[in-house]
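> coordinates for the following, if possible.
(2 chains)
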Amino acid sequence: GENVEQHPSTLSVQEGDSAVIKCTYSDSASNYFPWYKQELGKRPQLIIDIRSNVGEKKDQRIAVTLNKTAKHFSLHITETQPEDSAVYFCAASKSNTGKLIFGQGTTLQVKP
Amino acid sequence: ETGVTQTPRHLVMGMTNKKSLKCEQHLGHNAMYWYKQSAKKPLELMFVYNFKEQTENNSVPSRFSPECPNSSHLFLHLHTLQPEDSALYLCASSQDRTSGSNEQFFGPGTRLTVL
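Residues are numbered from 1 along each chain as shown, chains lettered A, B, ... in the order given. Okay, the predicted model is just below:
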């Protein structure tokens, strides 16, 4: 069945360092890949997304890359700040289903 | 709160109780979703509704019964639950499931504890 694997499950970095979270997906028909951030006790919120016709997308300190051939995509956060500490979820979807398959989540801790 | 709201925010129920979770979206969306979030597990999609029609049931046990009376409201009726059903239940909405914009907006969730 459809599956999304996310690594690492936990990530601890020093403030100012970069953080990278990686996901692989199984369904080659997937064409939409969002990343959600969930702070403790709060709802997941979309931080960036990418579609299959694009290889990279950047929004300030956040970037996402997509390798369709290898079926993997990654989230890059540069110049990390303590407020970046949260759980990050990747997901994959086919645009005609609305069905998001989520990865297991990565708990990011940014140490001041 | 605006966007997607859920009530109640916390619910404790016994295994023989019947309760309902409510979700309402104020975004003019046509697709709504129920997810289950357990500790150390990924978000699990339960149900998808598009224009009030159920389009996905992700092998959810019948003790969970969804209802979507209109595009703005979604309910999850609970009956004879098990302790392992304790989790955070998240509602989400999106423009519609087939549009180019798949962004899903989540509600704050209902923290359910089954005793």
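> nearest spatial neighbour of the residue most central in space within chain B, skipping sequence neighbours?
The residue lying closest to the centre of chain B (Cα atoms, centre = their mean) is residue B:34, at 2.8 Å. Spatial nearest neighbour of residue B:34, excluding adjacent residues (Cβ to Cβ, 6 or more residues apart in numbering or on different chains): residue B:46 at 4.2 Å. For every residue, glycine as well, the C-beta is placed using N, CA and C.
> okay, and residue A:79 sits in which element?
Assigned by DSSP states H and E, residue A:79 belongs to no helix or strand.
> I figured it hits residue A:13, correct?
No: counting by Cβ atoms under 8 Å, residue A:79 does not reach residue A:13; the two are 10.7 Å apart.
> so for the two, which residue has more residues nearby?
Taking neighbours as other Cβ atoms under 10 Å in any protein chain shown, residue A:79 and residue A:13 compare with residue A:13 leading, 17 against 11.
> tell me the bridge partners for that one.
Beta-bridge partners of residue A:13, counted by DSSP bridges, are residue A:110.
> same check on residue B:111?
residue B:10, residue B:88.
> that one: neighbouring residues, count only.
Neighbours around residue B:111, by other Cβ under 10 Å: 16.
> one more: residue A:61?
13.
> list the contacts for the residue in chain A that chain B sits nearest to?
Residue nearest to chain B within chain A (Cβ to the nearest Cβ): residue A:98, separated by 2.6 Å. Residues near residue A:98 by Cβ atoms under 8 Å, 6 or more residues apart in numbering or on different chains: B:31, B:33, B:48, B:50, B:55, B:56, B:94, B:96, B:97, B:98, B:102, B:104.
> which SSE is it in?
Short version: residue A:98 belongs to no helix or strand, going by DSSP H and E.
> so does the helix or strand bottoming out on mean pLDDT in chain A get close to chain B?
Lowest on mean pLDDT, DSSP states H and E among the helices and strands of chain A sits strand A:101-102, with a mean of 92. Yes: using Cβ under 8 Å from any Cβ of the partner chain, strand A:101-102 reaches chain B at A:101, A:102.
> all strands for the chain, in order.
Because you didn't say which chain, this covers chain A. In chain A, strands defined by DSSP state E lie at A:4-7, A:10-14, A:19-25, A:32-38, A:45-51, A:56-59, A:62-67, A:72-77, A:86-92, A:101-102, A:106-111, listed in chain order.
> that's the other chain; I wanted chain B
B:4-7, B:10-13, B:18-25, B:31-37, B:44-50, B:53-57, B:64-70, B:73-79, B:87-94, B:105-106, B:110-114.
> how about JSON lines for those, with distance to residue A:92 and mean pLDDT added?
Formatted as JSON lines, the strands of chain B follow (distance: least, Cβ to Cβ, whole Å; pLDDT from 0 to 100):
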{"stretch": "strand B:4-7", "distance to residue A:92": "22", "mean pLDDT": "96"}
{"stretch": "strand B:10-13", "distance to residue A:92": "31", "mean pLDDT": "95"}
{"stretch": "strand B:18-25", "distance to residue A:92": "23", "mean pLDDT": "97"}
{"stretch": "strand B:31-37", "distance to residue A:92": "15", "mean pLDDT": "95"}
{"stretch": "strand B:44-50", "distance to residue A:92": "12", "mean pLDDT": "92"}
{"stretch": "strand B:53-57", "distance to residue A:92": "15", "mean pLDDT": "89"}
{"stretch": "strand B:64-70", "distance to residue A:92": "23", "mean pLDDT": "96"}
{"stretch": "strand B:73-79", "distance to residue A:92": "23", "mean pLDDT": "97"}
{"stretch": "strand B:87-94", "distance to residue A:92": "15", "mean pLDDT": "95"}
{"stretch": "strand B:105-106", "distance to residue A:92": "17", "mean pLDDT": "94"}
{"stretch": "strand B:110-114", "distance to residue A:92": "26", "mean pLDDT": "96"}
